[in-house]
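Colleague: My questions are about this predicted structure, shown below with the sequence.
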Amino acid sequence: MTITPSKFICAALALASLPTFASDSIPSVQHLPVAKLDASLPRTPLETWLAEVGGVKKDAIQWEVNDCGEGGDGREAPTCAEAILLLQGGVSAHLSLAVADIHGKAFGPSVWDMSIGSGTTFTGFRSLPARATSVRGHRR
């Protein structure tokens, strides 16, 4: 993918417009009990659970705050905290949690998107347990 100057400027503007609390949302999401996202899962902190499921150390999980993959082109979008796990064979797993509405008003995190794949081919999941099963199949 080629990043043109106009795409770079749009991306920079989208990131600059994220609410100021956004960077503070990552630590709260990392420590959120995974049971709050899915009652069938343990009360383990999300970051610990992701590391266990992915077979990685906590510091190998990449965290970022973004526009939930929806903005950057002038559309309004909610704000997400995203965890990215790099797995074997160039596969990556993504978990995006919405943390603020399109107006920047914070709310309790909720699952926005879950996917696993490589390149431009990704599979989405409807539940955290289903995602965990797929991630375990690609552990490092």
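Modeller: Okay, I see it.

Colleague: which SSE is the residue nearest the centre of the chain in?
Modeller: The centroid of the chain falls nearest to Glu82 when counting by C-alpha atoms, centre = their mean (2.0 Å). Per DSSP states H and E: Glu82 is located in strand 79-86.

Colleague: Please pull up the helix or strand immediately following that strand.
Modeller: strand 92-100.

Colleague: And the contacts of the next helix or strand after that following strand?
Modeller: Toward the C-terminus, strand 92-100 is succeeded by strand 106-118 as the next helix or strand (DSSP H and E). With C-beta atoms under 8 Å, 6 or more residues apart in numbering as the test, strand 106-118 has contacts from 19, 21, 25, 28-29, 32, 36-37, 68-69, 78, 80-81, 87, 89-101, 122-126, 128, 131, 134-135, 138. Any C-beta I mention is one placed from the backbone N, CA and C, and that applies to glycine too.

Colleague: buried stuff in the strand holding Glu82?
Modeller: For strand 79-86, a neighbour-count test (16 or more other C-beta atoms under 10 Å) marks 79-83, 85 as buried.
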